[in-house]
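1. task: produce atomic coordinates for the following.
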Amino acid sequence: DYASILSGESNAIGTGAAHSFIGSGIGNSIGNNATQSVIVGGWDIDIAASAVQSAIVGGTSHRMADADWAFIGGGYIHEMAAGSNFSTITGGKENKILGNNEYSFVGGGLTNAIGATSTITTYSSIVGGQTNIIGGSSTQSFIGGGALNNIGTSNSYTSIIGGYDNNIGNSTIGSSILGGNINDIGSGSDNSVVVSGYDNNIGTSGDGNVIGGGYLNDIGNSSDNAAIVAGRDNNIGVNSDGAIIGGGYNNDIGDASNSSVIAGGFNNNVASTSVSATSYTSMLGGMDNDISNGSNYATVVGGQDNNIGTTSVGAFIGGGVTNTIGNGVNHGFIGGGTSNAIGNNATQAVIGGGWDNDIAASAVQASILGGTSHRIGDADWASIGGGHSHVISTGSDISTIAGGQFNTVENASTHSSIGGGFTNKIGTTATTDYSTIAGGFTNTIVSGQYSAILGGSNNSITGAHGSIIGSTNTVSATNGTAIGISNSVSGN
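-> Numbering: from 1, shown residues only. A predicted model of the protein is given here:
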């Protein structure tokens with residue numbers, strides 16, 4: 001049958017192996033009906049029966065089962081399983097192509113393996129490295145090199161370029177790990193990428209997720225199109241589609257926080273629970289900042305220890321330190337500063353900046369633009385412009401203190417205003433609506449609506465519709481007016 005053995009010792013070609021060839025070596029064999037197969041040389045090499053046109057160039061103790069047009073170049077103790085047609089092991093030691101793995105390739109290295117018994121794995125490759133594995137039924141998958149890298153079963157178009165102990169789970173399509181150590185893409189996370197880094201993880205059943213690098217970063221299960229660019233100990237929770245962490249350390253976007261962003265910083269948190277998700281939020285940097293459950297579209301730009309409470313939709317903190325927007329404060333705003341606070345349900349309330357300013361719970365659209373230690377109670381549409389230690393008390397709706405120091409609107413005095421000055425007061429003993437103190441020092445509208453003190457010092461009005469221009473004047477009469485110094489107007 002035109003078979004031939006040129007030289008060597010204890011070599012054998014089986015029956016029906018027409019046109020087969022053994023060049024030399026010791027203890028090499030070509031099985032029955034393995035037509036046109038070749039062993040060039042080596043020791044203890046075997047091509048099994050019916051392996052048509054397969055070849056082993058040299059090396060030691062290789063085993064090729066019934067695999068047509070298969071090739072082993074050299075090396076030590078390689079194994080080619082039955083059905084591995086058109087597959088190749090170029091060299092190295094103890095590499096394997098198992099179970100019906102057509103068109104597969106192992107370039108070299110040590111103890112690398114493609115496929116599993118009784119599975120079909122086609123067009124997959126391991127270029128080199130050590131103990132790298134492509135699992136059974138994984139088609140068109142690739143490992144470039146490195147060590148202890150693993151591509152699981154039933155994958156397609158997946159790849160690990162290199163690195164150490166990286167893993168792509170089962171039933172995954174189009175995902176890649178480019179390098180690094182102990183990185184993982186979970187089963188069913190299609191079209192996802194880990195670029196590099198150490199111990200980064202993309203969970204199961206996601207799609208289109210990316211971890212650029214860094215250390216101990218994690219994207220949770222069932223999150224689609226999420227990304228962690230870099231950094232350390234950053235986390236995106238489960239079901240958080242489109243969430244992004246740019247970098248930094250120990251930042252967290254909770255479960256079901258769709259399209260939320262933490263650009264960087266340290267220990268920043270966008271929280272959520274299965275009951276109340278937090279979506280479309282942004283945190284650009286800083287440290288120890290927090291956006292709580294259900295505060296969709298909320299933003300913390302930066303700073304430290306700033307907090308937006310639960311269900312505060314569209315709330316905003318620009319920066320600063322220890323600023324707080326409470327629960328249910330939709331579209332609340334703190335621009336910056338230190339230790340400023342907006343209470344629960346004070347929707348659309350605003351603190352521009354400053355220090356130690358406070359707007360109480362339920363004060364709708366109240367505002368403090370700046371200054372220090374101002375207080376607005378539950379007074380809707382009340383405003384303080386600036387200065388120091390002003391107070392607008394509960395119920396004093398639509399009242400204003402523009403500036404100065406220690407000015408007060410009390411006793412639910414609505415639509416009242418103080419322009420500036422020092423220790424001026426409206427409504428000290430009774431509700432005093434629609435009254436005004438323009439400025440000055442220690443002026444008081446005790447009671448009486450629609451009253452006005454235009455300036456001066458130590459003036460007092462107790463009657464309705466009263467007015468004073470000057471200093472040390474007293475008006476107790478209704479519709480009374482005092483102009484000058486130390487005048488008193490009394491009576492009805």
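
2. then stretch 301-319 to PDB, C-alphas only?
-> The C-alpha trace of stretch 301-319 is given here as PDB (Å, rounded to 0.1, in the frame of the first residue of the first chain):
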ATOM      1  CA  VAL A 301     -20.600  67.700  42.100                       C
ATOM      2  CA  GLY A 302     -17.900  67.300  44.800                       C
ATOM      3  CA  GLY A 303     -16.900  68.100  48.200                       C
ATOM      4  CA  GLN A 304     -17.000  66.000  51.400                       C
ATOM      5  CA  ASP A 305     -19.700  64.400  53.500                       C
ATOM      6  CA  ASN A 306     -22.500  65.900  51.500                       C
ATOM      7  CA  ASN A 307     -25.800  64.000  51.500                       C
ATOM      8  CA  ILE A 308     -29.000  63.900  49.500                       C
ATOM      9  CA  GLY A 309     -31.700  61.900  51.200                       C
ATOM     10  CA  THR A 310     -34.300  59.500  49.900                       C
ATOM     11  CA  THR A 311     -36.700  60.300  47.100                       C
ATOM     12  CA  SER A 312     -35.300  63.800  46.500                       C
ATOM     13  CA  VAL A 313     -35.800  63.800  42.800                       C
ATOM     14  CA  GLY A 314     -33.500  66.200  40.900                       C
ATOM     15  CA  ALA A 315     -31.800  67.500  44.000                       C
ATOM     16  CA  PHE A 316     -28.400  69.200  43.700                       C
ATOM     17  CA  ILE A 317     -25.300  69.800  45.900                       C
ATOM     18  CA  GLY A 318     -22.500  71.600  44.100                       C
ATOM     19  CA  GLY A 319     -19.800  71.000  46.700                       C
END
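
3. what's next to it, contact-wise?
-> Counting by C-beta atoms under 8 Å, 6 or more residues apart in numbering, stretch 301-319 makes contact with 265, 276, 283-300, 320-336, 344, all of which sit outside it. C-beta: built from backbone N, CA, C; applies to glycine.

4. chain center to it, what's the gap?
-> In terms of C-alpha atoms, centre = their mean, to the nearest Å, the centre of stretch 301-319 is found 17 Å from the chain centre.

5. stretch 220-240 too?
-> Centroid separation between stretch 220-240 and its chain, computed with C-alpha atoms, centre = their mean, is 5 Å.

6. next one: stretch 64-74
-> The answer for stretch 64-74 is 48 Å, by C-alpha atoms, centre = their mean.

7. and it, which residues are buried?
-> 64-74 (16 or more other C-beta atoms under 10 Å).

8. tell me which helix or strand residue 463 sits in.
-> For residue 463, there is no host helix or strand (DSSP states H and E).

9. helix, strand or coil for the closest residue to residue 66 other than its chain neighbours?
-> Closest residue in space to residue 66, ignoring its immediate chain neighbours: residue 82 at 4.3 Å, by C-beta to C-beta, 6 or more residues apart in numbering. Counting by DSSP: H, G, I helix; E, B strand; the rest coil, the backbone at residue 82 sits in coil.

10. angles on the backbone of residue 82, please.
-> Main-chain torsions, residue 82, degrees, to the nearest 10: phi -60, psi 140.

11. so what's the residue count around it?
-> 18 (other C-beta atoms under 10 Å).

12. among the contacts of stretch 301-319, name the buried ones.
-> Buried among the contacts of stretch 301-319 by 16+ other C-beta under 10 Å: 265, 283-300, 320-336, 344.

13. which of those residues fall in strands?
-> Under the assignment DSSP state E, those contribute 283, 290-291, 299-300, 324-325, 333-334 to strands.

14. closest one to residue 368 out of these, please.
-> Taking C-beta to C-beta as the measure, residue 368 sits nearest to residue 334 out of those, at 9.5 Å.

15. in this structure the closest one contacts residue 351, no?
-> Yes - under the criterion of C-beta atoms under 8 Å, residue 334 makes contact with residue 351 at 4.7 Å.

16. does residue 331 touch residue 347 like I think?
-> Yes - counting by C-beta under 8 Å, residue 331 touches residue 347, with 6.5 Å between them.

17. intersection of neighbour lists for those two?
-> With C-beta under 8 Å, 6+ apart, residue 331 and residue 347 have no common neighbours.

18. on that earlier part again, now the common contact residues for residue 334 and residue 351.
-> With C-beta under 8 Å, 6+ apart, residue 334 and residue 351 have common neighbours 323, 340, 342.

19. got those residues as a markdown table, with distance to residue 169 columns?
-> Below are those laid out as a markdown table (distance: C-beta to C-beta, whole Å):
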| residue | distance to residue 169 |
| --- | --- |
| 323 | 43 |
| 340 | 47 |
| 342 | 46 |
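
20. any weak-confidence spans in the stretch 251-400 of the chain?
-> The stretch 251-400 of the chain contains residues with pLDDT under 70 at 272-277.

21. again, only this time at 80
-> 271-278 (pLDDT under 80).

22. nearest residue to residue 309 other than its sequence neighbours?
-> Closest to residue 309 by C-beta to C-beta, 6+ apart is residue 327, at 3.9 Å.

23. I'd say that neighbour and residue 347 touch.
-> No - if you go by C-beta under 8 Å, residue 327 and residue 347 don't touch, sitting 11.1 Å apart.

24. give the buried residues for stretch 204-213.
-> 204-213.

25. next one: stretch 38-58
-> Taking 16+ other C-beta under 10 Å as the criterion, stretch 38-58 shows 38-48, 50-58 as buried.

26. quick one: which of those residues sit in strands?
-> 38-39, 46-47, 55-56.

27. from the buried residues of stretch 204-213, which is closest to residue 113?
-> Lowest distance from residue 113 to those (C-beta to C-beta) belongs to residue 204, with 23.9 Å.

28. the closest residue to that closest one other than its chain neighbours: what's it in contact with?
-> Spatial nearest neighbour of residue 204, excluding adjacent residues (C-beta to C-beta, 6+ apart): residue 186 at 3.6 Å. With contacts defined as C-beta under 8 Å, 6+ apart, residue 186 is in contact with 169, 172, 201-206, 221.

29. again, only this time at 10 Å
-> 152, 167-170, 172, 175, 192, 201-206, 209, 219-222 (C-beta atoms under 10 Å, 6 or more residues apart in numbering).

30. restricted to strands, list those.
-> The strands, defined by DSSP E, take in 167-168, 201-202, 219 from these.
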